[in-house]
Each structure stands twice: as structure tokens, then as C-alpha cells.
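Student: Here is a sequence with its predicted model. Questions after.
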Amino acid sequence: MTFRSGFACFVGRPNAGKSTLTNALVGQKVAITSGRPQTTRHTIRGIVHRPDAQLILVDTPGLHRPRTLLGERLNALVKDTLTEVDVVGFCLPADQRVGPGDRFIAEQMSELARDGRGTPVVAIVTKADLVGKGKLAEHLMQVQALGDWADIVPVSAVGGYQVDVLEKVLIGHLPEGAPLYAEGELTDEPEAVMVAELVREAALEGVRDELPHSLAVVVDEIVPRDEPAANGVPMLDVRVHLFVERDSQKAIIIGKGGARLRDVGSEARRGIEALLGARVYLDLHVKVAKDWQRDPKQLGKMGF
């Protein structure tokens with residue numbers, strides 16, 4: 001039996017369903033999801049194990065025309081990733097018309113196909129469950145006209161529609177080779193990065209549009225508490241800073257009397273405990289770092 005292994009990268013404008021699709025293929029949450037644009041800040045590797053293949057999924061921030069230094073660095077991160085993978089999945093949501101942002105990315109994908117490596121690009125029409133068959137067919141024709149794609153696959157990550165088909169298509173573009181990760185590994189992201197992303201996801205739920213771009217989360221430490229484990233489950237102290245750019249944004253995160261921050265902590269703690277396999281005391285602090293998206297020094301401190 002031929003075994004294939006390699007890397008696939010999902011690109012698309014913000015909120016195109018890339019993270020949800022990564023989680024659906026892996027079968028477990030490894031990338032944060034939110035209805036807010038630009039929720040992904042790091043490339044998250046999710047690993048799909050099959051008897052005949054190992055598919056390593058690299059999730060990226062949304063590719064977009066940058067307006068800040070942060071935006072420029074996120075775009076550079078995406079483009080660097082594209083040069084290192086075996087196949088690219090270009091995600092276009094079925095419930096949104098093909099627009100200038102999609103055309104901008106399609107141009108980048110055409111350049112990628114012409115760079116000498118000939119990296120195949122699969123057009124993935126996401127959120128297919130949100131439109132009728134007629135609208136989906138119309139959207140597929142528009143996507144086909146955008147570029148010369150290796151394949152076009154409509155999927156619904158939420159409903160599971162054609163996720164298995166997409167998996168087979170992506171694996172078909174991988175080279176023959178031995179597994180790159182041990183059986184059972186689902187991601188190679190450091191725990192601190194995953195914890196920060198879970199806190200960020202919880203903080204973004206139900207907030208105004210201005211906040212997602214302005215919120216950064218940094219894990220200061222994850223340390224075991226010096227006390228006996230309860231029922232064999234250890235206790236960890238997790239200390240996290242949430243950075244925003246203005247006092248008004250700090251007020252949004254904290255909420256009246258600190259109520260919203262407590263809700264953020266409760267929601268994030270559930271995910272963190274599942275991730276770390278331990279009870280967690282989550283200590284959250286909100287700070288204002290004025291215009292951090294445009295400050296090279298502050299961006300460096302936050303890991304960008």
C-alpha cells in the first residue's frame with residue numbers, strides 16, 4: 001500500500017471557515033473559531049491520521065490587504081507558509097459573493113502556481129449548508145472562473161458534507177513518504193499558544209467589530225500548584241494577559257463589575273482544562289498597550 005504524507009495550507013479572506021474546516025478534518029478542536037473576522041493569529045498544525053496517509057494541516061490568518069504593521073506581518077506569515085506546503089486549499093464561503101478580497105487572493109494563488117514549484121491549489125467552497133442548490137451551483141461557476149484550480153470541492157464543516165471527499169482530494173496531492181508525526185498526535189503547537197488562543201476565542205464572543213483586531217493574548221506562565229492532586233487530577237495556575245489598544249476596549253472586555261471577564265474566564269477554562277488534562281485556576285488581567293498593532297517593539301513582545 002502506498003503511503004502519502006505532507007502539508008496542506010488553507011488560505012482565504014478572514015472568516016472564510018478555515019479554522020472550522022481544520023477542526024472538522026482533524027476531528028478535534030485545534031484551531032479557534034469565531035464569527036469575528038481575523039481570529040487566527042498563528043499557523044496551527046492539525047494532523048489527520050489515516051492508514052494510508054498523514055495530512056498535516058496548516059491554518060493561517062486571513063490573507064488581506066494590510067492596513068497596519070500587524071497586518072503586514074500576518075500576510076508575510078501566510079506567504080512564507082505557502083512556499084513550504086504540498087497543496088493549498090483556497091477557501092471561499094458559499095454564503096458570500098465572490099468579491100475583491102477573493103480576487104486579490106486568487107491573484108496570489110496564480111503567482112504561486114507560476115513560481116516554478118507548481119504547487120496545486122484546490123478551491124474549497126465552504127459553508128455549503130447555508131445556501132440552496134441553485135445558489136451553490138452559481139457560486140461554484142464563479143469560483144471556477146477565478147482561476148485554474150487543481151480541484152473544486154464544496155463542503156460544510158459544520159454539517160460534515162463532503163469533508164471526507166476533501167480529505168481524499170488533498171491527500172491525493174501529497175507526495176509518497178513515511179509518517180512525519182507519531183500516531184495520536186493532533187497538533188504540534190506549544191501548549192501556551194493553544195491556551196492563549198482559547199482565551200482569545202472566549203474574549204471575542206459577542207463583542208463589537210472593533211475589538212478583534214485590537215486584542216492580543218499572552219500567557220505569562222503555566223505552573224503546577226504545590227498541593228496534592230484531587231482524585232489524581234493535578235491543579236495548574238495559568239496566568240494570562242489580554243492586551244487592547246484603548247481604555248474603551250478594556251471596559252468592553254471587563255464588563256460591568258467585571259462580569260464579562262468572569263464569563264470569559266469560565267468559558268476559556270473549560271477548554272484549557274480539556275486541553276491540559278488538569279484542573280485550572282485561570283488568572284486573567286487586561287492591560288492597555290496603546291496602538292500595539294503599529295509598534296514593532298510591542299509586536300515583538302507579543303510574538304508577532
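Tutor: Everything's here; your move.
Student: any low-confidence regions in the stretch 151-300 of the chain?
Tutor: For the stretch 151-300 of the chain, the stretches with pLDDT under 70 are 184-190, 206-213, 228-230, 299.
Student: Can you report how many residues lie near L174?
Tutor: By the measure other C-beta atoms under 10 Å, the count of residues near L174 is 20. All C-beta atoms are positioned from the backbone trio N, CA, C, and that covers glycine.
Student: Hmm, it is touching D86, no?
Tutor: Yes - using C-beta atoms under 8 Å, L174 is in contact with D86, at 5.3 Å.
Student: what is in contact with those two at once?
Tutor: G6, A8 (C-beta atoms under 8 Å, 6 or more residues apart in numbering).
Student: For stretch 279-294, buried residues please.
Tutor: V280, L282, L284, V286, A289, W292, Q293 (16 or more other C-beta atoms under 10 Å).
Student: quick one: the helices in the stretch 151-300 of the chain?
Tutor: 163-172, 191-204, 211-214, 247-254, 259-276, 296-301 (DSSP state H, counting those that start in this stretch).
Student: Now tabulate those helices in a markdown table and tack on distance to V155.
Tutor: Listed next are the helices of the stretch 151-300 of the chain as a markdown table, based on distance: least, C-beta to C-beta, whole Å:
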| stretch | distance to V155 |
| --- | --- |
| helix 163-172 | 5 |
| helix 191-204 | 22 |
| helix 211-214 | 25 |
| helix 247-254 | 34 |
| helix 259-276 | 25 |
| helix 296-301 | 34 |
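Student: Okay, strands next: where are they in this structure?
Tutor: Counting by DSSP state E, the segments of the chain that form strands are 4-11, 44-50, 53-59, 87-93, 121-126, 151-154, 216-224, 235-244, 279-288.
Student: of these, which approaches E183 most closely?
Tutor: When those are compared for distance to E183 using C-beta to C-beta, the nearest one is strand 44-50, at 6.1 Å.
Student: what helices or strands is the closest one leaning on?
Tutor: helix 18-26, strand 53-59, helix 163-172 (3 or more C-beta pairs under 8 Å, 6 or more residues apart in numbering; DSSP states H and E).
Student: Quick one: closest of the ones you listed to R200.
Tutor: helix 18-26 (11.9 Å).
Student: Fine by me, we can end here.
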